[in-house]
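Chemist: Build me a model:
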Amino acid sequence: MARSGSSETNATFVSTVPEAVHAVASRDSVGYVIGGQSVYSLFLHYADRAFVSDLPARATGAQVFPHPGAAWTMTGRAHVAPFARV
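Modeler: Next up is the predicted model:
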């Protein structure tokens, strides 16, 4: 999904979440969602896995990743070396 006027090459532009999900599924591909809380909330219903980062710092904002629900379980965890905050 993109704002109107975007001109990326090799991209499929859609206007709705179901259109985006269908575009990925019709290519037998994997889609990734990068966004904020409202975008994640829109797509979480369609997801069968989520890669969630647990950052060591506390954010001051009021928005958080939506809780995926009791049906979800953690299947793995990977440690990533600390990074410098800029």
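
Chemist: so is residue 75 in a helix, a strand, or just coil?
Modeler: Here residue 75 is recorded as coil under DSSP: H, G, I helix; E, B strand; the rest coil.

Chemist: Please report how far it lies from residue 49.
Modeler: As judged by C-beta to C-beta, to the nearest Å, residue 75 and residue 49 stand 8 Å apart. Placement of C-beta: from N, CA and C, glycine included.

Chemist: Look at those two and report which has more neighbours.
Modeler: residue 49 (9 against 6; other C-beta atoms under 10 Å).

Chemist: What helix or strand is that one located in?
Modeler: For residue 49, there is no enclosing helix or strand under DSSP states H and E.

Chemist: next one: residue 40
Modeler: Under the criterion of DSSP H and E, residue 40 resides in helix 37-44.

Chemist: In terms of secondary structure, what does that helix contact?
Modeler: helix 17-25 (3 or more C-beta pairs under 8 Å, 6 or more residues apart in numbering; DSSP states H and E).

Chemist: ok, and what's touching the helix it packs on?
Modeler: Contacts to helix 17-25, defined as C-beta atoms under 8 Å, 6 or more residues apart in numbering, come from residues 1, 12, 14, 30-31, 42-43, 46.
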